[in-house]
Every structure is written in structure tokens, then in C-alpha cells.
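# need a 3D model of the following:
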Amino acid sequence: MKICIFGAGAVGSFLAARLAQSGKQVSVIVRGPHLAAIQKDGLTLQAKDGDITVRLPASDNPAELGPQDLVIVSAKTPSLPQVAQGIAPLLHADTTVAFAINGVFWFYGDGFKPNGIAPDTARLDRDGSLHRLIGVERSLGIIVRSSNEVVAPGVVRNESANNGFTIGEATPGRATDRTPALAAALDGSGFIIKALSDIRHDMWAKLVRNSASSPLCSLTGSDVATAYNDKAIGELAMALMRETASIAQAHGFPDLLPDPGEALRMGLNLHHKPSMLQDLERGRAMEIDSQLAILQDLARQAKIATPVLDTLLPMLVMRAKTAGCY
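This next block holds a predicted model:
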């Protein structure tokens, strides 16, 4: 199986390094100093079980790599329209495209009608290029539970003792053996991977927590542990988690936050900066639309009150705009 990681930043580089280490045929689409370093010295992963360096094909031009069997898109969500415009050389008739992204998937509303109403997710594919040039039928979602950071060009550091990925179909109820087959093909690569028939439940389970850590850490400049150990910030985090869980419940995903206090305690020792804060500090486009603004859209469509999100989101947008990141 030929695998290409499109947008090999922190998570994508971790995946590429582990897949290459296990003997998989993997290449990466990446650009800038990260690309130059990988081409010159290889891709280095600093992990808790030791450092590794792998050599693998790397380019900023998909045409140089040619058609693939699996493309894992790990680019940040603001870059997805550009991914759609450039991905064609990597695709053949049966290529699967799996999106390992943060927040709500661009295909979330396709074939999904909670209470008989399809969610409006138009802000996640404003020009329709993802639907038109990639399409839902060949698409999957991947939920990432792995903390990584690019610490130097060509070098990514993994901060998780256990790294897990869930792969699932974009269209609910689609009868297919595609996800189990892909999970089996990727197994044995130094991370846990499981397959689901629908990715939405796991999407919400992660988003309940990210909807708190992403804005609060970005606004305070703190890692998760530092923010959550502050009593007032911790209370805001629990309130944001409750609001997000309420939206999920309105969409048919209940009981995602049975104990907000326990959810908060999980972050008290997490000395990791969320990817949104990493992007802010590096002057990169922030995933505000896919993680937070879309939550406000979905809440209003479902008539769910989100007073804390409504208060913090304008401040976060202003902070991002002044930094040139939105």
C-alpha cells in the first residue's frame, strides 16, 4: 500500500516516522524549512521510547509522488481548500483520503440529520472545493490522540506515553469493510488504531475537551496544566465542556461528559500547548472555524445556549486577527 501524508506537520510527521519505521511505503507532502531538512537529513522523531530518524520521499509537489492508495491529510483546516486544489496527482479511482484534523469534519452534515435536520456546516467548505474535488465517498475521518510538536525543521517531538488514532466513515451507516482493512494495514506501526463505522461520536468526545483547552490556552498563553490549575480558568474550562457536550447531545451523542470535574482533572498534569496555541505562537492560521465558530453555528441551529463560548470567541478572533493568524 502506498501512503502519502499530506501536510506533515506535528501529527503528520509522527505518523510518517512511525509508518516508515515499521516498513510501510510512505511519503510526505510538506514545504519550507521542514521539507528542506527532511530531504537533507531525514525525518527525526523524538519519542519516549527513543529517537529515530527515517529517510522517506518528501516533496511540496504532489505530482512528484504520483497516485497513492491512501492519502492522510494532516494539514490544518484553514489549508484544506488548498489541499483540495492540489491533491489530484495523488489520486487514482480507488484512493482513500483520510482527514486527521482538529474539530468538526467538513463532511459532518453529509448524510446526517439529527432530529430530521441536516447541520449547516457550510463554513467548513466555503467554496465547495472539498466536496467537489475530493468528495465524501472516498473520504474518512481520523481522530488523533497524540501530542506532538515540531521543535526544529525535520524534528518532531512526541509527548504522549500512548498514541491512539480512530478511523471512521464519513457517511453514517455506510456498510463497508474499508475502515477495518485500513486499520489492519496500519497496525503494528507503534500506535494504537481502531476502526469505526461512523467517526462522529469520537469526534465529539475529543472536541468536548479541545473546545475548552484551545481557546483558554490561546488567550492565556499557557499550557493546559498551567491554565487548568488556576481556579477561575478551570471553572471556565468546565463551562465550555458542558456547552459543547450539550450541542453533542442535541445531535444524538449523550453522556460525553458525565463528570466535568474528572474531565478537568485529566488536564491538570498535561504540560502541553494545544495546537491552536502553537499556531498562534508561530504566526500560522488558527483552526478557530473548525473547532469553535462551527460550535456556535451548531448551537444556534439547535437552539442551545453557549454564553461562555459566545463571550470568549470574539476575544479569540480579535487576538488571532491582531497576530495575522485569522
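# what comes up buried for the lowest-mean-pLDDT helix or strand in the chain?
Within the chain, no helix or strand scores below helix 260-265, which has a mean of 82 by mean pLDDT, DSSP states H and E. Burial within helix 260-265, assessed by neighbour count using 16 or more other Cβ atoms under 10 Å, is assigned to 260, 263, 264. Every C-beta, even on glycine, is put in place using the N, C-alpha and C of the backbone.
# contacting residues around the second one?
In this case it means residue 263. By Cβ atoms under 8 Å, 6 or more residues apart in numbering, the contact list for residue 263 reads 208, 209, 238, 241, 257.
# what do you get for the last one?
Going by Cβ under 8 Å, 6+ apart, residue 264 touches 228, 234, 237, 238, 241.
# buried subset of the residues you listed?
Burial by neighbour count, judged by 16+ other Cβ under 10 Å, picks out 228, 234, 237, 238, 241 from the contacts of residue 264.
# report the secondary structure state of the fourth one.
Under the three-state scheme (DSSP: H, G, I helix; E, B strand; the rest coil), residue 238 adopts helix.
# quick check, pLDDT for it.
Residue 238 carries a pLDDT score of 94 in this model.
# wait, it touches residue 260, no?
Yes - between residue 238 and residue 260 there is a contact under Cβ atoms under 8 Å: 4.3 Å.
# ok, now how distant is the residue nearest to residue 190 when sequence neighbours are not counted from residue 78?
Once flanking residues are discounted, residue 190 sits nearest to residue 18: 4.2 Å by Cβ to Cβ, 6 or more residues apart in numbering. Per Cβ to Cβ, to the nearest Å, residue 18 is found 26 Å from residue 78.
# between those two, who's got more neighbours?
residue 18 (23 against 17; other Cβ atoms under 10 Å).
# average pLDDT for stretch 309-326?
For stretch 309-326, the mean per-residue pLDDT is 98.
# C-alpha coordinates for that stretch, CSV please?
Extracted in CSV, the C-alpha atoms of stretch 309-326 (Å, rounded to 0.1, in the frame of the first residue of the first chain):
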residue,chain,number,x,y,z
LEU,A,309,-18.3,30.4,24.1
ASP,A,310,-20.2,33.4,22.9
THR,A,311,-18.1,35.6,25.3
LEU,A,312,-14.7,34.1,24.6
LEU,A,313,-14.9,33.5,20.8
PRO,A,314,-14.9,37.2,19.8
MET,A,315,-11.9,37.8,22.0
LEU,A,316,-10.0,34.9,20.5
VAL,A,317,-10.9,36.0,17.0
MET,A,318,-9.6,39.5,17.8
ARG,A,319,-6.4,38.0,19.3
ALA,A,320,-5.9,35.9,16.2
LYS,A,321,-6.5,38.8,13.8
THR,A,322,-4.0,41.1,15.5
ALA,A,323,-1.4,38.3,15.2
GLY,A,324,-2.2,37.8,11.5
CYS,A,325,-3.5,34.3,12.2
TYR,A,326,-7.2,34.5,11.2
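# lovely, talk soon.
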